[in-house]
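Q: Fold the following and give me the result.
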Amino acid sequence: MKAVIFYPGSSVDLEKAMELFPAHKARLDEFQARGVLLMVGPFADAAKDGSMGVFTTREAAEEFVQGDPFVLHGAVADYAIKEWNETIVP
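A: Below you'll find the predicted structure:
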């Protein structure tokens, strides 16, 4: 079981996000180095569709958002964490 954080595009303040991106990226790098962040990125039309990150556990995803500068400083007004059943197709 993996966990996905979803930041809806409609909830993102792009000006604040650009200002906070270096601190957000440092947090992403930290979680990737720990091996709990598997992938992250925006959808093709990020302003409309948002972005997501895939974590190894729900606990890791929750820890990430609790200290994410985007969340702490209002660049993201809303987010969702969902558990995801990864399926490998043979």
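Q: Give me the sheet partners of the helix or strand hosting residue 82 and which way each runs.
A: Element membership of residue 82 [criterion: DSSP states H and E] is strand 80-84. Within its sheet, strand 80-84 is paired with strand 2-7 (antiparallel), according to DSSP bridges.
Q: immediately after the partner strand, which helix or strand?
A: Once strand 2-7 ends, the next helix or strand along the chain (criterion: DSSP H and E) is helix 14-33.
Q: and residue 65, how many residues sit next to it?
A: Residue crowding around residue 65 was assessed by other C-beta atoms under 10 Å; the count is 19. Placement of C-beta: from N, CA and C, glycine included.
Q: Give me the distance between the residue nearest the centre of the chain and residue 61.
A: To find the centre residue of the chain, average its C-alpha atoms and take the closest one (C-alpha atoms, centre = their mean): that gives residue 53, at 4.2 Å. Residue 53 sits 7 Å away from residue 61, taking C-beta to C-beta, to the nearest Å as the criterion.
Q: ok, now residue 87?
A: Computed with C-beta to C-beta, the distance linking residue 87 and residue 61 is 19 Å.
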